[in-house]
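how does the following fold in three dimensions:
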Amino acid sequence: MQETAQNLAGSCSFVKFGGCFTNLYFYTMAKPYVVGIDIGGTHTVFGIVDAEGHIIACDKIMTGDYPDISDYISSLSRAVTGMIENNGLNGQIEGIGIGAPAVNHNTGVIEGAVDLPWASPIPLKELMEKATGLPVSATNDANAAAIGEQIYGAGKGLSDFIILTLGTGIGSGIVSDGHLVYGHRGLAGELGHTIIRPGGRQCNCGRKGCLETYASARGIVRTAIEMIAEFPDMKSVLSEIPPKDLTSSDIGIAAAKGDQLAIRVLQYTGEILGEACANFCAYSSPQAIVLFGGVTNAGDHLINPIREAMAKHILYIYKDQVEITTSKLPHSDAAVLGAAAAAW
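Have a look, this model is predicted:
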């Protein structure tokens, strides 16, 4: 790859981004910008990014507002092309990179994304190319976040790490020896659907006891609702919020103010996540596990129990070898930058 870059240097400029992706080069031809799109279960965030990783413009739409995939693609493509036009960049976009749940990296098809409102399979790459007229590269959203974190954030300088995206669901990206692990069908990295409590909570994937039913934003809310019922004498601001309106953010804010039930919810969640992280260390012997997403805003009330539980359950050969850390980038920036990297 490096020789190829050197051979092309006479006809185009290229930029090598830092970190351990030593063979990862992004070429800037006559068109110096790309669009990065992060599709989440709640929001779809998108931005125009230059070759140095600067986000020129950024916006979002609500994913759940479009129960029909055709309407969603139409709205998203209009918003993206409108942003390009509004910034005077018509004809200067090299392509589009998309991070989305359960995307097959090899085909650009969404295969069974349980946290999105549309039936699979969805030929995402094909639909967006037809709608925008631009070339599209699509990958798993957590893989895109891992690339963004590797180049710009907490993964910089690391050759082996795992990123866990804690949002509506739980995704993951696994970096081993400087390379993302895609697996033989391009679908590797579904650690949110590892079973951490056999026979436990029903998951949207059809199985019971998946990690995301306990440690995603929805899982944390479910734990809070259960604990409110289990401990009716424990006064909590959370019990004053209708269950349908309760969010993981509410729980984190309450815990920060000393609400004992909220603290108990986060302690329980952290213990489960820490146990899962101990198991994950045996998969790829990472230097770090990076926690990414809005759930991490709960801070030490969540992070400390994760560290304690991982230390308790980790295999002895990995003891004191793996750091638990949080993303060093704002959520939307890392996701958009990672998706943009896929476009280059």
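
Cys277: which element?
Element membership of Cys277, judged by DSSP states H and E, is helix 260-284.

by contact count, what packs against that helix?
In terms of contacts (3 or more CB pairs under 8 Å, 6 or more residues apart in numbering; DSSP states H and E), helix 260-284 is packed against strand 161-166, strand 170-176, helix 212-215, helix 217-230, helix 248-256, strand 288-292, helix 300-313. C-beta: built from backbone N, CA, C; applies to glycine.

how about those, which one is nearest Glu323?
Between Glu323 and those, the shortest separation by CB to CB is 4.3 Å, and it involves strand 288-292.

what segments of the protein are helices?
2-8, 69-86, 124-132, 141-152, 212-215, 217-230, 248-256, 260-284, 300-313, 331-343 (DSSP state H).

ranking the ones you listed by burial, who's on top?
helix 141-152 (a mean of 29; mean count of other CB atoms under 10 Å).

please save the CA atoms from that helix in PDB.
As requested, the backbone C-alpha atoms of helix 141-152 are provided in PDB (Å, rounded to 0.1, in the frame of the first residue of the first chain):
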ATOM      1  CA  ASP A 141     -21.300   1.600  12.700                       C
ATOM      2  CA  ALA A 142     -19.200   0.400  15.600                       C
ATOM      3  CA  ASN A 143     -16.400  -0.400  13.100                       C
ATOM      4  CA  ALA A 144     -16.700   3.200  11.800                       C
ATOM      5  CA  ALA A 145     -16.500   4.500  15.300                       C
ATOM      6  CA  ALA A 146     -13.400   2.300  15.900                       C
ATOM      7  CA  ILE A 147     -11.700   3.800  12.900                       C
ATOM      8  CA  GLY A 148     -12.500   7.300  14.100                       C
ATOM      9  CA  GLU A 149     -11.200   6.600  17.600                       C
ATOM     10  CA  GLN A 150      -8.100   4.900  16.200                       C
ATOM     11  CA  ILE A 151      -7.200   7.900  14.100                       C
ATOM     12  CA  TYR A 152      -8.300  10.800  16.300                       C
END
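
the inter-axis angle of that helix versus strand 170-176?
50 degrees (axes from the mean of the first three to the mean of the last three CA atoms, to 10 degrees).

so which elements touch helix 141-152?
Taking 3+ CB pairs under 8 Å, 6+ apart as the contact cut, helix 141-152 packs with strand 33-39, strand 93-100, strand 161-166, strand 170-176, strand 179-180, strand 288-292, helix 331-343.

repeat the analysis, applying 6 Å as the threshold.
Applying 3 or more CB pairs under 6 Å, 6 or more residues apart in numbering; DSSP states H and E, we find helix 141-152 packed against strand 93-100, strand 161-166, strand 170-176, helix 331-343.

how far out from the middle of the chain is that helix?
Offset of helix 141-152 from its chain centre (CA atoms, centre = their mean, to the nearest Å): 8 Å.

again, but for stretch 317-331
Remark: stretch 317-331 is offset 15 Å from the chain centroid, using CA atoms, centre = their mean.

same deal with stretch 56-75?
That offset, for stretch 56-75, works out to 18 Å (CA atoms, centre = their mean).

what does it rub up against?
With CB atoms under 6 Å, 6 or more residues apart in numbering as the test, stretch 56-75 has contacts from 43-45, 47-48, 79, 83, 87, 117-118, 122, 127, 131.

CSV for these, including pLDDT and distance to Ala217?
Converted to CSV, the contacts of stretch 56-75 look like this (pLDDT from 0 to 100; distance: CB to CB, whole Å):
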residue, pLDDT, distance to Ala217
His43, 89, 12
Thr44, 95, 17
Val45, 94, 16
Gly47, 96, 23
Ile48, 97, 28
Ala79, 97, 24
Met83, 97, 27
Asn87, 96, 32
Pro117, 90, 16
Trp118, 94, 20
Ile122, 96, 23
Leu127, 98, 27
Ala131, 97, 30
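
between those, which is closest to Thr247?
Nearest to Thr247 among the contacts of stretch 56-75 is His43, at 13.8 Å by CB to CB.

let me know the outermost residue of the chain.
Taking CA atoms, centre = their mean, the residue of the chain most remote from its mean C-alpha position is Asp233, at 37.4 Å.

hmm, back to that, nearest to Arg222, of the contacts of stretch 56-75?
Comparing the contacts of stretch 56-75 against Arg222 with CB to CB places Pro117 closest, at 19.5 Å.

what is the neighbour count of that closest one?
Pro117 sits with 14 neighbouring residues when counted by other CB atoms under 10 Å.

list the contacts for it?
Contact partners of Pro117, counting by CB under 6 Å, 6+ apart, are 64, 67.

separation between it and Gly148?
25 Å (CB to CB, to the nearest Å).

can the helices and strands packed on helix 141-152 go into a markdown table with extra columns for mean pLDDT?
A markdown table is the format used below for the helices and strands packed on helix 141-152 (pLDDT from 0 to 100):
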| stretch | mean pLDDT |
| --- | --- |
| strand 93-100 | 95 |
| strand 161-166 | 95 |
| strand 170-176 | 94 |
| helix 331-343 | 82 |
